[in-house]
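Chemist: The sequence and its predicted three-dimensional model are supplied below.
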Amino acid sequence: MAVVRTAHPYWIDRTAARDIPRHGPLGGDLRVDVAIIGGGITGATISWILSAAGLSVAAIEAQRIGRGSTVASTALLMQEPDEDLLALSGRYGFASARRIWELSRDANDGFIALIKKLQIACELKQQDSVYFTLDQPSRLRREHRLRGRAGLEGHWLEESELLRLANIHGCGIRTSGNAQVDPYKACLGLFEAASERGARVFENTSALRVEGRAGRMSVKTPKGRVLADTVVVATGFATAEFKPLLARFRMRHTYVLVTPRLRPRVRREIGLSDVMLWDTDRPYHYARWTADHRLMLGGGDRPRARGRLRRRAFREGTRDVRDYFVRLYPVLADVAVDYAWEGLFAITPDGLPYIGPHRRYPGHLFALGYGGNGMTFSFLAASLLRDRLMGRVSKDHDLFAFGRTR
């Protein structure tokens, strides 16, 4: 089993032990319409949306729900995909790229609306984001113009505006309608809401083997089976059981640092307003304030490393993230780090998830490869999979199909 995070994320300490529900392991056989493998934010969102659509659902997680990639997230809820509109237009053409961005925007709005509707206490805060560059002004200007042509909202920031907003010399695009949350609390809350709708949730329940055919699937676990019409694989990336799919993903470590609570004087010296910040570098860097006035810094993604090489990569990766932001905000050189961790995630050739069936695996549906936009794409995946299960398949499904990257 892949270890999807290292060190102790900040989010775990934000949640009191008494507020963490425990779901026992599966014991015996269970019959449902849909079996979901994966207990992170994607599995939680799919569980809710399918249950709300009237389907019977069982979700299984090999360890504790929300304790993998979800709790390693920095929880930027962004409508912008990892690949900008220029890049996607170059790959798929303007019309398809615009539709991908529209679907991502709608999924972002849908996730925010769902959290509000269910009244999940996860520190949801709607915020603007700032996509900035230090050294690519002409390309970013082209990106802004293309977004305008596509009818996508965004305000151009000249250097003077960016300096006032974020204390950065450069230029950028300010986008409204994004948000931040506590991803762990959001995951727990969505599973709780799905359970109230009738979904069954099982922790410490590994999927040992999946077999059968569409309409008669079986997920073998250590102490029982989930029998289902369809199996949804929502594990973030292809696991060893789906070896033919592994080549479609590149595994990356991402690094996150969180400062102590900072006094108002230090926050003023930093000069970053209450916006979510990310840059045009690839891999990109991002920063935001937490609810308790800490600065959360992340990015600097690196290829997957194992064993001692992973520990070395962790030291170097966290150092590089810190150094980048110290160059941006020199006052941070004298600020300590309270939390540092890494997460393991998958990226695809075009930065978009794979959502839907694969010809090698009848009876399966997949929701994999979200890159850095897991919460937004989890809602998108849940919506597209629900529609597919209800027999409502459209051209939108093709945009995220496995066949698109052949």
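Modeler: Sure thing, it's come through.

Chemist: next structured bit after the helix or strand where A382 lies?
Modeler: Here A382 sits within helix 374-389, counting by DSSP states H and E. Under the assignment DSSP H and E, the closest C-terminal helix or strand after helix 374-389 is helix 395-398.

Chemist: Show me where this structure has its helices.
Modeler: Counting by DSSP state H, residue ranges of the helices within the chain are 10-13, 41-52, 85-92, 94-118, 137-149, 159-166, 183-196, 264-270, 307-328, 374-389, 395-398.

Chemist: Tell me where the stretch 51-200 of the chain is predicted with low confidence.
Modeler: Counting by pLDDT under 70, the stretch 51-200 of the chain contains no low-confidence residues.

Chemist: returning to what we had before: figure out which of the helices of the chain is closest to Y286.
Modeler: Nearest of these to Y286, taken as Cβ to Cβ: helix 307-328 at 9.8 Å. The C-beta positions use only the backbone N, C-alpha and C, and glycine is treated the same way.

Chemist: bridging residues for the nearest residue to F314 once chain neighbours are set aside?
Modeler: Spatial nearest neighbour of F314, excluding adjacent residues (Cβ to Cβ, 6 or more residues apart in numbering): E342 at 5.4 Å. With beta bridges defined as DSSP bridges, E342 has these partners: T6, Y255.

Chemist: Relative to V34, how far out is E342?
Modeler: 32 Å (Cβ to Cβ, to the nearest Å).

Chemist: With F314 instead?
Modeler: Shown here: F314 relative to V34, a distance of 37 Å by Cβ to Cβ.

Chemist: Who has more neighbours out of these two?
Modeler: V34 (26 against 19; other Cβ atoms under 10 Å).

Chemist: so who does that one touch?
Modeler: V34 sits next to L50, L55, S56, V57, A58, A228, D229, T230, V231, V232, L389 when contact means Cβ atoms under 8 Å, 6 or more residues apart in numbering.

Chemist: Can you check the pLDDT for the closest residue to G110 other than its chain neighbours?
Modeler: Spatial nearest neighbour of G110, chain neighbours left out: F379 (5.1 Å); criterion: Cβ to Cβ, 6+ apart. The predicted local confidence for F379 comes out at a pLDDT of 97.

Chemist: for V4, same thing?
Modeler: Looking at V4, its pLDDT stands at 49.

Chemist: Then G374?
Modeler: Per-residue pLDDT puts G374 at 86.

Chemist: mind listing what it touches?
Modeler: Counting by Cβ under 8 Å, 6+ apart, G374 touches G40, I41, T42, S69, T70, S73, G236, F345.

Chemist: what about the strands in the stretch 151-300 of the chain?
Modeler: Ranges of strands within the stretch 151-300 of the chain are 155-157, 171-180, 200-202, 209-213, 216-221, 224-236, 250-258, 276-279, 285-289, 295-303, based on DSSP state E, counting those that start in this stretch.

Chemist: Quick check: which of those strands is nearest to I12?
Modeler: With Cβ to Cβ as the measure, strand 250-258 is the member of those nearest I12 (11.9 Å).

Chemist: Count the neighbours of the residue nearest to P244 when sequence neighbours are not counted for me.
Modeler: What sits nearest to P244 in space, not counting adjacent residues and going by Cβ to Cβ, 6+ apart, is R360, at 5.8 Å. When neighbours are defined as other Cβ under 10 Å, R360 has 10 of them.

Chemist: got any ranges where the stretch 251-400 of the chain has weak pLDDT?
Modeler: Using pLDDT under 70, the stretch 251-400 of the chain has no residue that qualifies.

Chemist: I'd say L50 and A381 touch.
Modeler: No - if you go by Cβ atoms under 8 Å, L50 and A381 don't touch, sitting 11.1 Å apart.

Chemist: so who does V181 touch?
Modeler: The contact partners of V181, by Cβ under 8 Å, 6+ apart, come to A75, L77, I115, C122, E123, L124, K125, M375.

Chemist: Quick check: phi and psi at the residue nearest to the fifth one when sequence neighbours are not counted.
Modeler: What it means is E123. Taking Cβ to Cβ, 6+ apart, and ignoring the residues beside it in sequence, E123 has D182 as its nearest neighbour in space, at 4.6 Å. Its backbone dihedrals place D182 at phi -90, psi 110, with angles given as degrees, to the nearest 10.
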